[in-house]
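Asker: Just to be clear, the model below is a prediction. Sequence and coordinates:
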Amino acid sequence: MLFVLTGPSGAGKGTVLTRVITTLSGLAYSVSVTTRKPRTGELDGIHYYFKTEKEFDEMQERGEFLESVCKFKHKYGTPKSKVKEQLEKGIDVILEIETKGATKIREEFPEAIFIFITPSSYNELARRLRNRGTEEEEMVKMRLKIARTEYRSIGQYDYIAINDDLDSCVDTVIAIIKAERARKINYEDLVKKLASLYRTHKNEE
């Protein structure tokens, strides 16, 4: 299965993702490509693949992205080969992408499970963005303006995970993944086999 985490800037998607993939087994994470500079503590190949504009454009021209978007003057893309390779092996994959990218993923993978991460209020989102202290106020205002647009599509997502408390939000996302894994559609052969036991037993009588 393909799980997609998205939400506005400042919602804590990356932090939630890190906790989920270190807690839950059998879940592959697809590292995105970006043209933005690494933030403090971010490592190439772990948090993102950091590329130049030229490198990114060349990858895009070769059709290497499952989805790609330009946001805040930086480009982001999901490598297609890594995702499809894991899914074909029967391994669950989780993505952490922008909301525009999630829309594109939905077109190609309508069966994917989409999870929208957000604090419980717009004011809390604004507070977090300002408290990060990594950007000028003008950029913060731009992020908040885009967030208002992103919230318009929140009703299209399968699940909402409120991130007011990190532990609680992580538990919610893990519960969603476990519940989706337990759906009977994932055990069709087992369901048929066990359901047939009643008929076999009746015949033996």
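Answerer: Everything's here; your move.
Asker: Name all residues that make contact with residue 184.
Answerer: residue 191 (Cβ atoms under 8 Å, 6 or more residues apart in numbering). (C-beta placed from N, C-alpha, C; glycine too.)
Asker: can you give me the mean pLDDT across stretch 3-21?
Answerer: Taken as a whole, stretch 3-21 carries a mean pLDDT of 93.
Asker: ok, now stretch 159-172?
Answerer: According to the model, stretch 159-172 has a mean pLDDT of 97.
Asker: now do stretch 186-205
Answerer: 73.
Asker: just stretch 130-145 next, same as before
Answerer: 87.
Asker: buried set for it?
Answerer: 140, 142-144 (16 or more other Cβ atoms under 10 Å).
Asker: Which residue comes closest to residue 9 once chain neighbours are left out?
Answerer: residue 143 (4.6 Å; Cβ to Cβ, 6 or more residues apart in numbering).
Asker: got the buried residues of stretch 130-145 as a markdown table, with secondary structure and distance to residue 171 columns?
Answerer: Shown next, in a markdown table, are the buried residues of stretch 130-145 (DSSP: H, G, I helix; E, B strand; the rest coil; distance: Cβ to Cβ, whole Å):
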| residue | secondary structure | distance to residue 171 |
| --- | --- | --- |
| 140 | helix | 29 |
| 142 | helix | 32 |
| 143 | helix | 27 |
| 144 | helix | 28 |
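Asker: Go through those residues and name the one nearest residue 20.
Answerer: residue 143 (23.5 Å; Cβ to Cβ).
Asker: name the element residue 58 belongs to?
Answerer: If you go by DSSP states H and E, residue 58 is part of helix 53-61.
Asker: could you say what helices and strands that helix packs with?
Answerer: strand 33-34, strand 74-79 (3 or more Cβ pairs under 8 Å, 6 or more residues apart in numbering; DSSP states H and E).
Asker: The shortest one pairs with which strands, and in what direction?
Answerer: It stands for strand 33-34. Strand 33-34 sits in its sheet next to strand 49-50 (parallel), strand 74-79 (antiparallel), going by DSSP bridges.
Asker: and for stretch 100-110, what are the contacting residues?
Answerer: With Cβ under 8 Å, 6+ apart, stretch 100-110 has contacts from 2, 4, 6, 66-69, 71, 76, 78, 95, 97, 112, 114, 153.
Asker: And that stretch, how far out from the chain middle?
Answerer: Distance, stretch centre to chain centre, for stretch 100-110: 11 Å (Cα atoms, centre = their mean, to the nearest Å).
Asker: got it, and stretch 175-183?
Answerer: The answer for stretch 175-183 is 15 Å, by Cα atoms, centre = their mean.
Asker: So what's the residue count around residue 8?
Answerer: 25 (other Cβ atoms under 10 Å).
Asker: In a helix, it, correct?
Answerer: No - with DSSP: H, G, I helix; E, B strand; the rest coil as the criterion, residue 8 is located in coil rather than a helix.
Asker: Surely the residue nearest to residue 9 and residue 98 touch.
Answerer: No - at 11.5 Å, residue 143 and residue 98 do not qualify as touching, with contact defined as Cβ atoms under 8 Å.
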